[in-house]
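Participant: this one's structure only:
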């Protein structure tokens, strides 16, 4: 779980740093076990901890990160492509 967060953050900062600097993209890590974040389970129909890309009312869970976590190149490509679909 920590590795997925670490890789995802790295990819987003590396590939979308300009969008982050402009405030158009925010990387936020949340613990859904904390009461103030419980709503994310329903908001994004979570069945497990995962990466979610969201913009407005549109979102996509990147559940495939669990399958790709041991293949860093494939993981990076997947996250880059999926985030790119929102920008």
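Facilitator: Cool, got the structure. In this text, all values refer to a predicted model and were calculated from it rather than measured experimentally.
Participant: Can you get me a residue count around residue 15?
Facilitator: If you count neighbours by other C-beta atoms under 10 Å, residue 15 ends up with 18. Glycine gets a C-beta too; all of them are placed from N, C-alpha and C.
Participant: how near is it to residue 70?
Facilitator: According to C-beta to C-beta, to the nearest Å, residue 15 stands 21 Å off from residue 70.
Participant: Could you list the residues in contact with stretch 49-56?
Facilitator: 1, 4, 8, 32, 40, 44, 46, 59-63, 65-66, 79, 82-83, 85-87 (C-beta atoms under 8 Å, 6 or more residues apart in numbering).
Participant: Please repeat the previous calculation with a cut-off of 7 Å.
Facilitator: With C-beta atoms under 7 Å, 6 or more residues apart in numbering as the test, stretch 49-56 has contacts from 1, 4, 8, 32, 44, 59-63, 65, 79, 82-83, 86.
Participant: what's the average pLDDT for it?
Facilitator: Averaging pLDDT along stretch 49-56 gives 93.
Participant: cool, and stretch 26-34?
Facilitator: Average pLDDT, stretch 26-34: 92.
Participant: can you give me how far that stretch is from the chain middle?
Facilitator: 10 Å (C-alpha atoms, centre = their mean, to the nearest Å).
Participant: The protein: strands as residue ranges?
Facilitator: Assigned by DSSP state E, the chain shows strands spanning 52-55, 58-61.
Participant: Check these for me and report the most buried one.
Facilitator: Counting by mean count of other C-beta atoms under 10 Å, strand 52-55 has the highest mean neighbour count of the strands of the chain, with a mean of 16.
Participant: rewinding a little: relative to residue 27, which of the strands of the chain is closest?
Facilitator: Comparison of the strands of the chain against residue 27 by C-beta to C-beta identifies strand 52-55 as nearest, at 10.2 Å.
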